[in-house]
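**Student:** Below is the structure, and that's it, no one-letter string:
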């Protein structure tokens, strides 16, 4: 029996969920449901994602017949890394349920270095508010911004990663042209999700197995 993917949406960004549902069906062979949330489920302590608080609220609104659950928020969410003792913004945090942040898609992967140099220059001149629109226009093809029409296409990749995490335990791929590439730079994000918009050969074969029901799923 085909699985059902449930998307729980608290983000106010304009996302075309019909396209996302078609993407999930075409590539995975799964049905999908979308539930628009009136109240926020994703909980944070400051920026730090609170999985316990989020899961407690999530249990109250969860579809009974769902196999993979993904929360879509516009909150900034971060995890704490012991390696450098810092909070790091995350476009996606994988778990049960997984969470994807449209705001972190904008803020987490780094923009081009030239963008930051221009911002620093105009900030020192106290002219950033006047120049911000101009600078963003100059680099518009190099990063995803708020209310960006490309967000739907990018979100497909993060949803695919969440599905792969649920099914096989590994959401990422080292191929920069694969939808599953874990992009730390906006230009890499755009390359994987917009310019390529495809899966690598290895994961394309894995997708065929998933559609045929021949995927060895992870053990919960």
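**Tutor:** Good, I have the coordinates. Just so we're clear, the structure is a prediction, and the values are computed from it rather than from any experiment. Numbering: from 1, shown residues only.
**Student:** Can you give me the separation between the residue nearest in space to the middle of the chain and residue 165?
**Tutor:** Residue closest to the average C-alpha location in the chain (CA atoms, centre = their mean): residue 158, at 3.7 Å. The spacing between residue 158 and residue 165, counted by CB to CB, to the nearest Å, is 10 Å. The C-beta positions use only the backbone N, C-alpha and C, and glycine is treated the same way.
**Student:** For the host helix or strand of residue 131, name the packing helices and strands.
**Tutor:** For residue 131, the host element (DSSP states H and E) is helix 128-138. Helix 128-138 is packed against helix 113-124, with contacts defined by 3 or more CB pairs under 8 Å, 6 or more residues apart in numbering; DSSP states H and E.
**Student:** Could you list the buried residues of the helix it packs on?
**Tutor:** Neighbour counts over helix 113-124 (16 or more other CB atoms under 10 Å) mark 115, 118-119, 122 as buried.
**Student:** Quick one: list the elements packing against the longest helix along the chain.
**Tutor:** Of all the segments of type helix in the chain, defined by DSSP state H, the longest one is helix 151-168. Packing partners of helix 151-168 (3+ CB pairs under 8 Å, 6+ apart): strand 4-9, helix 17-28, strand 68-73, strand 92-93, strand 98-101, helix 102-107, helix 201-211.
**Student:** tilt between that helix and helix 17-28?
**Tutor:** Interaxial angle of helix 151-168 relative to helix 17-28 (axes from the mean of the first three to the mean of the last three CA atoms, to 10 degrees): 40 degrees.
**Student:** which residue lies farthest from the center of this protein?
**Tutor:** residue 125 (35.0 Å).
**Student:** Per-residue pLDDT of that residue, please?
**Tutor:** At residue 125, the model reports a pLDDT of 95.
**Student:** Use 43 as the first number from now on
**Tutor:** Noted, 43 is the first residue going forward, which turns the last one into residue 167.
**Student:** ok, now how distant is it from residue 173?
**Tutor:** Counting by CB to CB - residue 167 and residue 173 are separated by 8 Å.
**Student:** do the same with residue 161
**Tutor:** With distances taken as CB to CB, residue 161 is found 9 Å from residue 173.
**Student:** could the helices and strands packed on helix 193-210 go into CSV alongside mean neighbour count?
**Tutor:** Listed next are those as CSV, based on neighbours: other CB atoms under 10 Å:
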stretch, mean neighbour count
strand 46-51, 21
helix 59-70, 17
strand 110-115, 25
strand 134-135, 22
strand 140-143, 25
helix 144-149, 23
helix 243-253, 15
